[in-house]
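Chemist: sequence? don't have it. structure:
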């Protein structure tokens, strides 16, 4: 599970709110992982993955616009990270839709998402704070 704290702020309430929602949904995925194999767990996993797939892509567009608007030095790295997420998460999403949602796939997806979310927000997105403050 991931907990939001002030060290994750970007200086943009809109983006911070989006990050908080992404983290909340990711944490729901943690609950799904704990319940794998129980009735309804595949559907619950699917609902979270559907949300993450589509909301994250929309969020990336918003964030990239702000990175450009504020001439943030991590804008290029941000786009690169987003492209990586689209590719890797897209593969997980495809597997979920076309294979059984087994515990190994769910665990692998969870681990990759957790590492990506924490590293991306804490190392790339937070650079927005200084850029917004300068403006």
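Modeler: Cool, the structure landed. Just so it is clear, the structure is predicted and the values come from calculations on it, not from any experiment.

Chemist: just give me how far the helix or strand of the chain with the lowest mean pLDDT sits from the chain centre.
Modeler: Ranking every helix and strand in the chain by mean pLDDT, DSSP states H and E puts helix 103-120 at the bottom, with a mean of 85. Distance, stretch centre to chain centre, for helix 103-120: 10 Å (Cα atoms, centre = their mean, to the nearest Å).

Chemist: show me what that helix is in contact with.
Modeler: 2, 22-23, 26, 29-30, 32-33, 36-37, 45, 49, 52, 81, 84-85, 88-89, 92, 95-96, 99 (Cβ atoms under 8 Å, 6 or more residues apart in numbering). Heads up, the C-betas are built off the backbone N, CA and C, glycines and all.

Chemist: could you point out the helix or strand that follows the longest helix seen in the chain?
Modeler: When the chain is parsed with DSSP state H, its longest helix is helix 41-69. Counting by DSSP states H and E, the next helix or strand C-terminal to helix 41-69 is helix 75-98.

Chemist: and that next one, what's buried?
Modeler: 75, 78, 79, 81, 82, 85, 89, 92, 93, 96 (16 or more other Cβ atoms under 10 Å).
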